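Engineer: here you go, sequence then predicted model.
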Amino acid sequence: MNKWNAVVLAGDRGPNDPLLQATGVTCKAAVRFSGQTQLSRVISALAQAEHIDHITIVGPDTDANKPHACIQELAEQYQFDYLAKAEGPSLSAIKGLEHRQNYPCLIATCDVPFITSQAIDDYCAAADSSSADFVVAAVPHQSIIKMLPTIRKTTYTFDQRLLCFSNLFAVRHSVGKEALHFWREMEKKRKNPLQIIARLGVINLIKYKFGKMTLKQASAYLSTLSAAKVEIILRDAPEISVDVDSVADYELLKDYL
């Protein structure tokens, strides 16, 4: 079994984020469910996962250049490195990868409160069987709705089925970092699937609109654009895809956690 490093992205969109204002915290990682921060849930799952060796948190700091309190409170229980966040998720991910330069490396966001060690191990095992440099999972929308019937998720249509992307990303080799540069380009378009697909070209947009694009085709096109071999794998694991991106998400999930 390969041992993986893990990079946890714990940044946020700033103090004007409606989620922070609604929950009364100063960073997204500090949002609590049943008294436990989102970040602590993710770190706990990573620490218990058999595949994970070392953890690096890339997150907010304070005016005194110290980690945010929600990160400091984890230091007594868990071993991890801390880096101040960069400008945006993709650059923070690259910063985390370059910190240790050990692969394979799992990138996780701090806002997946349903995450479990088993889901992490299953994902790492699936990514280990890929020959790609960068692996991301697509989760059937129906699986997510089965767990949380009223949740709203951005969906994509591949293989004539509705899918949602996960919040776990596998960088298997150093060249996989190239995919993160493409991710940076897509960050501002993440809520508009058609804009993202359109970046792949007119023919691909037409295929997508008519439900004719497959995950294999999308993986090949993304590989061409990102200068790294990318693979989208299908995983029936809603816990790796359900994140807290809005006040509505928070209000819904707090009834389940």
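Structural biologist: On my side now, so go ahead.

Engineer: which residues touch the nearest residue to residue 246 once chain neighbours are set aside?
Structural biologist: With Cβ to Cβ, 6 or more residues apart in numbering as the criterion, residue 246 has its nearest non-adjacent residue at 6.3 Å, and that residue is residue 19. To be clear about C-beta, it is placed using only N, CA and C from the backbone, and glycine gets the same treatment. Going by Cβ atoms under 8 Å, 6 or more residues apart in numbering, residue 19 touches 28, 31, 244-247, 249-250.

Engineer: try residue 158
Structural biologist: 138, 213-215, 218, 232.

Engineer: can you lay out the residues you listed as a markdown table showing pLDDT, distance to residue 81 and neighbour count?
Structural biologist: Rendered in a markdown table, the data for the contacts of residue 158 read as follows (pLDDT from 0 to 100; distance: Cβ to Cβ, whole Å; neighbours: other Cβ atoms under 10 Å):
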| residue | pLDDT | distance to residue 81 | neighbour count |
| --- | --- | --- | --- |
| 138 | 95 | 30 | 21 |
| 213 | 84 | 39 | 23 |
| 214 | 90 | 39 | 13 |
| 215 | 91 | 34 | 17 |
| 218 | 87 | 34 | 22 |
| 232 | 95 | 29 | 24 |
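
Engineer: can you get me a residue count around residue 129?
Structural biologist: 8 (other Cβ atoms under 10 Å).

Engineer: against residue 137, how distant is the residue most central in space within the chain?
Structural biologist: With distances taken as Cα atoms, centre = their mean, residue 167 lies nearest the centre of the chain, 2.4 Å away. To residue 137, residue 167 is 9 Å away according to Cβ to Cβ, to the nearest Å.

Engineer: tell me, what's touching the two both at once?
Structural biologist: Listed as contacting both residue 167 and residue 137 by Cβ under 8 Å, 6+ apart are 240-241.

Engineer: hang on, the earlier thing: what's the closest of the contacts of residue 19 to residue 149?
Structural biologist: The shortest distance between residue 149 and any of the contacts of residue 19, using Cβ to Cβ, involves residue 249 and amounts to 14.0 Å.

Engineer: residue 250 belongs to a helix?
Structural biologist: Yes. Residue assignment for residue 250, taken from DSSP: H, G, I helix; E, B strand; the rest coil, places it within a helix.

Engineer: list the contacts for the residue nearest to it when sequence neighbours are not counted?
Structural biologist: Using Cβ to Cβ, 6+ apart and skipping residues adjacent in sequence, the residue nearest residue 250 is residue 244, 5.5 Å away. The neighbourhood of residue 244, defined by Cβ under 8 Å, 6+ apart, consists of 19, 28, 31, 38, 111, 113, 250, 253.

Engineer: among those residues, which are located in helices?
Structural biologist: Using DSSP state H to define helices, the subset of those located there is 19, 38, 250, 253.

Engineer: before we move on, the earlier item: between the contacts of residue 158, which is closest to residue 49?
Structural biologist: The nearest one, if we look at the contacts of residue 158 relative to residue 49 and count by Cβ to Cβ, is residue 138, at 21.0 Å.
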